[in-house]
Structures are given as structure tokens and as C-alpha cells.
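Engineer: fold the following, please.
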Amino acid sequence: FNSGRGKAASWELIKVVVDKVMEGGLQHETYWERWVFPCYAYVPELRARLFFAGAPASIPSRTPWWLVEQRSKALHEKRRQYNWKQYQGLPAGLDAERVDDLPRDDHLPSWHEKDFKVATANHVIRKGLSSMLGDHSRWTTLNEKSALTGAIIRELYMASNLLGEAEAGSEGSQLPRPLASKPESGVHWEHDLTFSRQFTQGVHACMLQVCRQLPPEMIYGLNLTSIQFRPAMNLTDEMNAGRVYVVDYTSLKPFFKDPLQGVFMAAPVCYFYMMEDPHHRFSEEPACLLPIAIRLDPDNRDAPIFTPDDSQWDWNTAKAFVTNADAQFHMVVSYFLKTCAVTEPFVVAMHRQLSVMHPVNKLLRSYSHHSLAYTCMARGSLVGVGSLVEQLFSISDEVGNFLQSEYSRWRFEDMALPYSLQTRGFDGREFCPDYPHREDGLLVWAALVDFVKDYVSIYYHADEDIEDDAELQAWYQE
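Structural biologist: Predicted coordinates for the structure are as follows:
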């Protein structure tokens, strides 16, 4: 693919294919062999470029002698292209304000089909958001709002399909979407079961924690008629049995806005209970997770505790505040901070310190391909000045302070799924039979661990191999 400016344009070399064909023989048959060397790099305009596509992966001490000098020169050129920039209160990243400022190899591909699908999806998303946020005269009752929200979610679902096809190619994604992310969830958003499913199998299922401690006012002041505990059990007993769960957004409290400014946000804590459901009153499963209490201001002991026994309007409004808080965390913390910002230093250091011939570079490159471009776009369009979050989210212009606050609590170990589950209380003592984020996630984690171990063991046979690898040590130090 080229950049569209004719023969003098930059060309993206996707791969080199070499065929060896041998004709003849006693049976007059044709024998052939094929070697495919992936490149995914650009050839600069009217300039030669050295590729290591055919060179085997090797640590520095095992580099073929005729490639030692070229390897060093190529790495030096990479360090010239990838420069660091320190972002206040956040991880350091690449010095690039726009995608066009990135090294050419990290630009996004400009396939017309993908551009068309992304543009279409963006149009639908913007249209949906404007309809939901800009024209309040279109709905005057909760039922009208529900119908409008359902229609918008169906549009966003179609848009997400377009984005998925654009990212995965013409075949689209082969993985089924979670039940809680389907359009029907927008129609049934007021149902407690649908609300709970968002935290176990929705798009942001990493906030659920096992509750190990309840505030006194919850223990003594919570009387429920719609939720039935097991015989001879109270809320404390059920908590000790691993059946009470919580999502906690109290770290939003310092960034409250004055409601008089038209911005409404809370720092809620929402409690769930894994209730026995043998008669299938709520779901087809013998047990289901249901919300039992919401506190919008946990620091204020006099603040009301909302439960399913309250009026439909009060209970649904409390759940809406929880969903709103979850959206702030999802976009700002889970996506930008923990998916983009904290991984960017590893990618930049990889380019600067690991040769393209290095086995760790080859391993990480497929996972980090185009990640710098997406991070650059997210930094500008999602959390920058005048960004989407500033304009549409309740956190508004406090997004920068919120990011710094969350990053100050971030730890590298949090990136490991087993450790994350353990710190959230999922240590095997809880009773949560339906948590796909845990079951499916651990399967993927185990497969990745096995693959990486097998791959690394090909090149590193002893601790001395790691200690003597100058490039790997430099990558770790940087």
C-alpha cells in the first residue's frame, strides 16, 4: 500500500513472499516451497531501507557477524525517531502531539474500506450522543426516556459492529458479544438483573469486588422485603459466606461538580447479593446477582440508602448514578490510563532499546502494533483540553486531576489478572458461579503464560543469558 502520491510515495511493505519452484523429475511433477517474511514497515520516499525480515530472531550475543553493524545502526536510528516526553502526574510517553508526528511505521493504515466504516460508525455515535444529551425536550417521562435510550443503544450497537469489522477485516469479529452489551439491554435497562449483568459480563466487568466489610448503618438499617436471604441468615452471615459484592466509586468524591452548573455526579457504592432463585423469579439460573443497596455519598452517614423497596423513580435514579460513575471509570481509568497510558512506556522503550531482530521485540510487536497511534489519538480526543470527556462526561475539566489521582494508586501488579482478582476478593471463598470476566479471562491468561514461557525458553536457556543481554537490560532499565 502506498500513501497515494504516485511512485515517489511512501510504501508500506506488508510482507515478502519467496517461492522456490522446482519442475521436472521422474514424474514430471512441480515441487515448490514458500517462505513468508512479515515486515509491516514503510519504505521512505525515494530512499533505500534495510529490512531484517529474513533474519532469524536472536539476542545480541548470537547475532550473525555480518549483521552486527547493521543491527547497531538500525537501533541508533530508532532512538533518534522515538523520543520521550514527560506528562505531568502520568507515565512518560512518546513525544508526539498528533498521529502525523509519529514515526511512519506507527501510522494507522489508510485502507478506504476501513476509513468508510469508521467514518460511518463515528457519524452514528455522534448522532446518538447528540440525541441523548442535546435535546431534552424529546422526552418528558421515564418511559419515553427508556424508549429513546433503547433506540440509541441499537444504533450504537450497529456502529460497534462496523468498528469491529473495520478492525478485524472483511470477516469481522468471530467472537460472540456479551449478553449484557446487546441492544435488548437498553430496553430492559431498569431491570435489576440487567443492571447486575453489566458488572459481570458487560464491557466493564473489572470493578466488581467481594464485600468483606459492611458499614454499621448497612448492617442495622437495611430492611428489605424484595430480597430474601437464605433461612436463618442475615446480611452479615451472607457476606461472610462470600455472597455479597460491591462496586466502589468513592475516589470520584474530590471531583464533585456543583449541581447548579447542570452537572450531576455522585461517588456511589453499590452492593449486590447472590440470591438463591430456585423458582426462577429473576433468571433461568438457580442463583442470580441482584443489587440490594446504593449509597450515593458514603462519607455522609445521614445520606439515604436506596434499595429495591424504594419507588421505581428513586431506585432507577440511584442506579443511573452508579452507571454514570462507572462510565467515568471505564473511559478515563480502565481504557485510557490502564490500557493506553501505562503500556505506552513499554512500547516506546521497546522501539528504542530492542532491535527488530530481538525475540522480545518480535513477541511484543504484534501486540503493540498501532498502539502508539491509538494512545496519541485518545490523549487528544478523549482526555485532552476540549476533549470528548470534557464535553460529555460528568467529570468534565477535572479529568486531568482524576487521572493523576488514579495513577498515584496504580501498581504494575494490577495488570496481572490473577492478582487483580485476588485483590478484589476473588480467592475461591466467594460464591459467584456466573462471572465470565473471571472464568474466560483466566483461560486466556493461562494460554498467554504458556505461550510466552515456551517462546522465551527458545532463546534464554539460563539466567546468564538474560544478564548478558544488553538490549534486554537496557529496555528494562529505561
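Engineer: would you map the helices across the stretch 151-300 of the chain?
Structural biologist: Assigned by DSSP state H, counting those that start in this stretch, the helices in the stretch 151-300 of the chain fall at 184-187, 192-197, 216-221, 235-240.
Engineer: got it, and the stretch 301-450 of the chain?
Structural biologist: 312-328, 344-353, 359-368, 371-381, 388-392, 399-407, 417-423, 436-459.
Engineer: what helices or strands is the helix or strand just after the last one leaning on?
Structural biologist: Using DSSP states H and E, the helix or strand that follows helix 436-459 in sequence is helix 463-467. Applying 3 or more Cβ pairs under 8 Å, 6 or more residues apart in numbering; DSSP states H and E, one finds that helix 463-467 contacts no other helix or strand. C-beta here means a position set from N, CA and C on the backbone, and glycine is covered the same way.
Engineer: quick one: average pLDDT of helix 463-467?
Structural biologist: Across helix 463-467, pLDDT averages out at 93.
Engineer: for stretch 41-55, same thing?
Structural biologist: Mean predicted confidence for stretch 41-55 is 64.
Engineer: picking that back up, of the helices of the stretch 151-300 of the chain, which shows the lowest average pLDDT?
Structural biologist: helix 184-187 (a mean of 52).
Engineer: the chain: strands as residue ranges?
Structural biologist: Ranges of strands within the chain are 11-24, 29-43, 84-85, 93-94, 209-210, 244-248, 269-276, 287-295, 305-306, based on DSSP state E.
Engineer: which one of the ones you listed lies nearest to residue 402?
Structural biologist: Counting by Cβ to Cβ, residue 402 lies closest to strand 244-248 out of the strands of the chain; the figure is 15.2 Å.
Engineer: show me what that closest one is packed up against.
Structural biologist: For strand 244-248, the packing partners by 3+ Cβ pairs under 8 Å, 6+ apart come out as strand 209-210, strand 269-276.
Engineer: walk me through which strands it pairs with, and which way each runs.
Structural biologist: If you go by DSSP bridges, strand 244-248 pairs up with strand 209-210 (antiparallel), strand 269-276 (antiparallel).
Engineer: format the ones you listed as CSV; extra columns: distance to residue 419, mean pLDDT and mean neighbour count.
Structural biologist: Shown next, in CSV, are these (distance: least, Cβ to Cβ, whole Å; pLDDT from 0 to 100; neighbours: other Cβ atoms under 10 Å):
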stretch, distance to residue 419, mean pLDDT, mean neighbour count
strand 209-210, 14, 94, 18
strand 269-276, 23, 90, 22
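Engineer: circling back: distance to residue 77 for the helices and strands packed on strand 244-248 - can I get that in a markdown table?
Structural biologist: What follows is these, written out as a markdown table (distance: least, Cβ to Cβ, whole Å):
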| stretch | distance to residue 77 |
| --- | --- |
| strand 209-210 | 47 |
| strand 269-276 | 52 |
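Engineer: which one of those strands lies closest to residue 453?
Structural biologist: Judging the helices and strands packed on strand 244-248 by Cβ to Cβ, what sits closest to residue 453 is strand 209-210, at 29.8 Å.
Engineer: gap between that closest one and the chain center?
Structural biologist: Put simply, strand 209-210 sits 20 Å off its chain's centre (Cα atoms, centre = their mean, to the nearest Å).
Engineer: repeat that for stretch 465-478.
Structural biologist: The answer for stretch 465-478 is 29 Å, by Cα atoms, centre = their mean.
Engineer: got the CA positions of it in PDB?
Structural biologist: Coordinates of the C-alpha atoms in stretch 465-478 are reproduced here as PDB (Å, rounded to 0.1, in the frame of the first residue of the first chain):
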ATOM      1  CA  ASP A 465      21.600 -15.400  29.000                       C
ATOM      2  CA  ILE A 466      19.200 -12.700  30.500                       C
ATOM      3  CA  GLU A 467      22.000 -11.000  32.400                       C
ATOM      4  CA  ASP A 468      24.300 -10.900  29.300                       C
ATOM      5  CA  ASP A 469      21.500  -9.500  27.000                       C
ATOM      6  CA  ALA A 470      22.500  -5.800  26.800                       C
ATOM      7  CA  GLU A 471      19.400  -4.800  24.800                       C
ATOM      8  CA  LEU A 472      17.000  -6.500  27.200                       C
ATOM      9  CA  GLN A 473      18.700  -5.000  30.300                       C
ATOM     10  CA  ALA A 474      18.600  -1.500  28.600                       C
ATOM     11  CA  TRP A 475      14.800  -2.000  27.800                       C
ATOM     12  CA  TYR A 476      14.100  -3.000  31.400                       C
ATOM     13  CA  GLN A 477      16.100   0.000  32.900                       C
ATOM     14  CA  GLU A 478      14.500   2.500  30.600                       C
END
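Engineer: what does that stretch rub up against?
Structural biologist: Stretch 465-478 has contacts (Cβ atoms under 8 Å, 6 or more residues apart in numbering) with 59-61, 75, 349-350, 352-355, 358, 360, 459-460.
Engineer: next one: residue 444 from residue 437, what distance?
Structural biologist: Taking Cβ to Cβ, to the nearest Å as the measure, residue 444 falls 11 Å from residue 437.
Engineer: these two: which is more packed in?
Structural biologist: Each of residue 444 and residue 437 has its neighbours counted (other Cβ atoms under 10 Å); residue 437 has more, 21 against 10.
Engineer: so that one touches residue 206, yeah?
Structural biologist: Yes. The pair residue 437 / residue 206 is scored as a contact, 6.4 Å apart, by Cβ atoms under 8 Å.
Engineer: how many neighbours does residue 342 have?
Structural biologist: The local packing of residue 342 (other Cβ under 10 Å) involves 18 other residues.
Engineer: who are the contact partners of the residue nearest to it when sequence neighbours are not counted?
Structural biologist: Nearest residue to residue 342, sequence neighbours excluded (Cβ to Cβ, 6 or more residues apart in numbering): residue 91, at 5.5 Å. Contact analysis of residue 91 by Cβ under 8 Å, 6+ apart lists 341-342, 344-345, 407.
Engineer: redo those residues as TSV? Include distance to residue 453 and pLDDT.
Structural biologist: Formatted as TSV, these follow (distance: Cβ to Cβ, whole Å; pLDDT from 0 to 100):
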residue	distance to residue 453	pLDDT
341	28	93
342	23	94
344	25	95
345	24	95
407	30	93
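Engineer: from those residues, which would you call buried?
Structural biologist: Neighbour-count burial (16 or more other Cβ atoms under 10 Å) applied to the contacts of residue 91 gives 341-342, 344, 407.
Engineer: hang on, the earlier thing: residue 331: which of the strands of the chain is closest?
Structural biologist: Proximity to residue 331 (Cβ to Cβ) singles out strand 244-248 among those, at 15.9 Å.
Engineer: got the angle between the closest one and helix 312-328?
Structural biologist: 60 degrees (axes from the mean of the first three to the mean of the last three Cα atoms, to 10 degrees).
Engineer: strand 244-248 vs strand 287-295, what angle?
Structural biologist: When the same axes, to 10 degrees is applied, the directions of strand 244-248 and strand 287-295 differ by 50 degrees.
Engineer: what does strand 244-248 rub up against?
Structural biologist: Contacts to strand 244-248, defined as Cβ under 8 Å, 6+ apart, come from residues 199, 207-211, 214, 235, 238, 269-274, 289, 322, 326, 430, 432.
Engineer: and if we set it to 7 Å?
Structural biologist: Here strand 244-248 makes contact (Cβ atoms under 7 Å, 6 or more residues apart in numbering) with 199, 207-211, 235, 238, 269-273, 289.
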